[in-house]
Structure formats: C-alpha cells, structure tokens
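1. Just a sequence and a predicted model for now, questions to come.
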Amino acid sequence: MTATLAFTTAIVVLVTATLSGIFGMAGGMILMGFLTAAYSVGAAMMLHGVTQAVSNGYRAIINRKDIVWPIVATNMAGGVAALVLFLLVSFVPDKATVFLVLGAIPFVAFSIPKSWGLDVTKPAVAIGGGFVVTALTLTAGVAGPILDIFFVQSPLTRHQIVATKAVTQTLQHLTKLLYFGVLAAHLLPDADIPWWIYVMVAPLAMLGTTFGKMLLDRMNDGQFKNWSRYILYVLGAVLIVRGLMLLG
C-alpha cells in the first residue's frame, strides 16, 4: 500500500460518498470501479463493503424519519435467499466479470418497462427485488440502479427513497462483507489491506454523506430522477469498456 494509493482512495471515498448522499447509487458504482481497478477483487469487495455500509448506514440515520420499515423487511427476505444460493454454488467473480456486470446494470435497469409495475411498496415485488439486488451485489459489488427501479416506480418521495434505500443497501453491503470476508473467504486471496485504511475511510464516508444530504435538500423530485439516469448511463458505458479491455 503506497501513500499515493492511500491518498487517492481517501479522495475517491469522499467524492463518491457525496454522490451517494445525493443520488443514493452512482457514488457506490464509481467507488467499486475504482477499487476493482486498484485492488484485488476480494480486497475491493471488502473495502467497498465497509465504506458503503458506513456511508449508507449514516445516511439512514440522518434520514431516519423517512424510512419505510415494512419495505426493508420484505426486501431483505429476498436477500437472505440470494445469500443461501451463492453459498450453495460458491461463486466468486473475476475483475472482468465485475466491470461488465457493473456497467450493464444501468442499461438493464432503465430498459425495464414501467408496465411491469415494479413498485417496491408491493410485498411480492420487494422480496423479488431483494433477491435480484443481493445477487448482483455479490457479483458486481453494487446493484443500486436495479434497486432504484423498484423505488422510482413507487409513490414514495425522494427523501423516503433515499432513506429506505440506505437501510436496504446497508444490509446488502453487510451481507457482502459476510460472504467475502467469512463464508467465501477461502475462495479468494487474502484482502491485503492494512487495518488503518478501513479506519480512514469510515469518517470520510460519513462526511461525504453529510455533504450529499445538504445538496439533496436543494433538489426537487424531477431533478433527482433525471440526473440519476444521465449519470448512470455514462458511468455504465465506461465500466463496460473497461471490462471488455480486460477480456481482450
């Protein structure tokens, strides 16, 4: 671990936590892309999991009055089922897979017809969404844009969306830490990251989340949803190109 890499990681964590505080998803994708490029897959999953668990957890705390708890419960029921499936097949991705799946997520998410009625306030939809999102989280590290589809088509306000997603994403990243750090750790090389990196990124994630919350309050619901889409299309294209380069 060089000083340059540690400093760059700190800056990226701060910036992406701010983006996550505003849009609830784009920051996590950018961070996962950076970590996958800079570290091994196992190390990237672990560091991303810690950072995003802190960022989303803190965002849930500062938006706690807007959390819709029944949605959290039904969503995580599907998440537990996905974890059991991954344990049965013992699947771990390589770098190319992480980049390709990560980059494809926004395009898949925005191609899903609204007529499907994927409204997270419907219990059956929330359970199915929890399964899909957790499976993608364990494959690409992030699945925010897919999770977002279930929320954007709901009658929830932007603050309810960000708050409730923050809780579900916190639980998903904790599931990722459990899987890659404990349950599937024997399938990956050691996550050779010094302990102080984890200590460093936690307060930066919280600080960026605070900045993001301040900016979110200045936006309206229309701006929030439109900007989310534009950012994710560009980001997805960049990540797919990176994955194809690794395959080549």
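-> Cool, got the structure. Residues are numbered from 1 along each chain as shown.

2. Pull out the buried residues from stretch 2-16.
-> By 16 or more other C-beta atoms under 10 Å, the buried positions in stretch 2-16 come out as Thr9, Val12, Val13, Leu14, Val15, Thr16. Just so you know, the C-beta spots here come from the backbone N, C-alpha and C atoms, and that holds for glycine as well.

3. residues in contact with it?
-> 26-28, 30-31, 34-35, 38, 47, 51, 197, 200-201, 204-205, 207-208 (C-beta atoms under 8 Å, 6 or more residues apart in numbering).

4. Drop the exposed ones from these and show what's left.
-> The buried subset of these - by 16+ other C-beta under 10 Å - is 26-28, 30-31, 34-35, 47, 51, 197, 200-201, 204-205, 207-208.

5. next one: phi and psi at the nearest residue to Leu187 once chain neighbours are set aside?
-> Spatial nearest neighbour of Leu187, excluding adjacent residues (C-beta to C-beta, 6 or more residues apart in numbering): Val92 at 4.9 Å. Val92 adopts backbone torsions of phi -140, psi 140, taken as degrees, to the nearest 10.

6. Look at Val92 and report its pLDDT.
-> Note for Val92: predicted pLDDT of 91.

7. where are the low-confidence patches of the chain?
-> Applying pLDDT under 70 to the chain flags the ranges 21, 23-25, 190-192, 219-226, 228, 248.

8. just so I have it, where are all the helices in this structure?
-> 3-23, 26-38, 41-62, 69-89, 95-111, 123-140, 144-152, 158-178, 195-216, 221-247 (DSSP state H).

9. Just say which of those is most tucked in.
-> Of all the helices of the chain, helix 144-152 has the most neighbours on average by mean count of other C-beta atoms under 10 Å, namely a mean of 26.

10. Which strands and helices lie in contact with it?
-> helix 26-38, helix 95-111, helix 123-140, helix 158-178, helix 221-247 (3 or more C-beta pairs under 8 Å, 6 or more residues apart in numbering; DSSP states H and E).

11. got a list of contacts for it?
-> 24-26, 28-29, 105-106, 108-110, 112, 118-120, 125-126, 129, 132-133, 136, 161, 164-165, 168-169, 225, 228, 232, 236.

12. Can you pull up the most central residue in this structure?
-> Val142 (3.7 Å; C-alpha atoms, centre = their mean).

13. for that one, what are its contacts?
-> Contacts of Val142 (C-beta under 8 Å, 6+ apart): Met25, Gly28, Met29, Met32, His48, Gln52, Leu102, Ile105, Leu136.

14. Give me the nearest residue to the second one, chain neighbours excluded.
-> This points to Gly28. Nearest residue to Gly28, sequence neighbours excluded (C-beta to C-beta, 6+ apart): Val142, at 4.7 Å.

15. check contacts around Ala37.
-> Ala37 sits next to Lys95, Arg242 when contact means C-beta under 8 Å, 6+ apart.

16. rerun that using 10 Å as the cut-off
-> Ala44, Lys95, Val98, Phe99, Arg242, Leu246 (C-beta atoms under 10 Å, 6 or more residues apart in numbering).

17. okay if I get those as JSON lines plus distance to Ser20?
-> Converted to JSON lines, the contacts of Ala37 look like this (distance: C-beta to C-beta, whole Å):
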{"residue": "Ala44", "distance to Ser20": "17"}
{"residue": "Lys95", "distance to Ser20": "23"}
{"residue": "Val98", "distance to Ser20": "18"}
{"residue": "Phe99", "distance to Ser20": "19"}
{"residue": "Arg242", "distance to Ser20": "20"}
{"residue": "Leu246", "distance to Ser20": "25"}
